[in-house]
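**Student:** need coordinates for the below:
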Amino acid sequence: MRILDNKKEKIIILEDGDILKVKTLKRNPLTLKIECKDGCILVDELLINKIKEIKTEQKELEKIKLFNKKNQ
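**Tutor:** Numbering: from 1, shown residues only. Reported below is the predicted structural model:
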């Protein structure tokens, strides 16, 4: 990922596998996820609630994986 900085704008050059998340400073519940996959740019809107749910799910999955490792 490279960032080119002009006075009024920033240009971000993404490489394959790079993920960029964009938020506002004014408590807007929307986050934009911009991802570069196989030379294509994918844009997804993520709501704060969805992001929190995803983080919670990831934590729970880690707990389950640890539990399964201990019980094998």
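**Student:** can you show me the helices along this structure?
**Tutor:** 48-70 (DSSP state H).
**Student:** for it, give me the ranges with low pLDDT.
**Tutor:** Along the chain, the model assigns pLDDT under 70 to no residue.
**Student:** and the nearest residue to Ile19 once chain neighbours are set aside, what is it in contact with?
**Tutor:** Nearest residue to Ile19, sequence neighbours excluded (C-beta to C-beta, 6 or more residues apart in numbering): Glu35, at 4.8 Å. Bear in mind the C-beta positions are built from the backbone N, C-alpha and C, glycine included. By C-beta atoms under 8 Å, 6 or more residues apart in numbering, the contact list for Glu35 reads Leu14, Asp18, Ile19, Leu20, Ile41, Leu42, Asp44.
**Student:** got these as JSON lines, with neighbour count and distance to Lys55 columns?
**Tutor:** Formatted as JSON lines, the contacts of Glu35 follow (neighbours: other C-beta atoms under 10 Å; distance: C-beta to C-beta, whole Å):
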{"residue": "Leu14", "neighbour count": "16", "distance to Lys55": "23"}
{"residue": "Asp18", "neighbour count": "15", "distance to Lys55": "21"}
{"residue": "Ile19", "neighbour count": "13", "distance to Lys55": "15"}
{"residue": "Leu20", "neighbour count": "15", "distance to Lys55": "18"}
{"residue": "Ile41", "neighbour count": "11", "distance to Lys55": "24"}
{"residue": "Leu42", "neighbour count": "11", "distance to Lys55": "20"}
{"residue": "Asp44", "neighbour count": "12", "distance to Lys55": "16"}
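**Student:** out of the residues you listed, which one sits closest to Glu53?
**Tutor:** Asp44 (14.6 Å; C-beta to C-beta).
**Student:** was I right to think the closest one contacts Thr31?
**Tutor:** No - using C-beta atoms under 8 Å, Asp44 makes no contact with Thr31, being 9.1 Å away.
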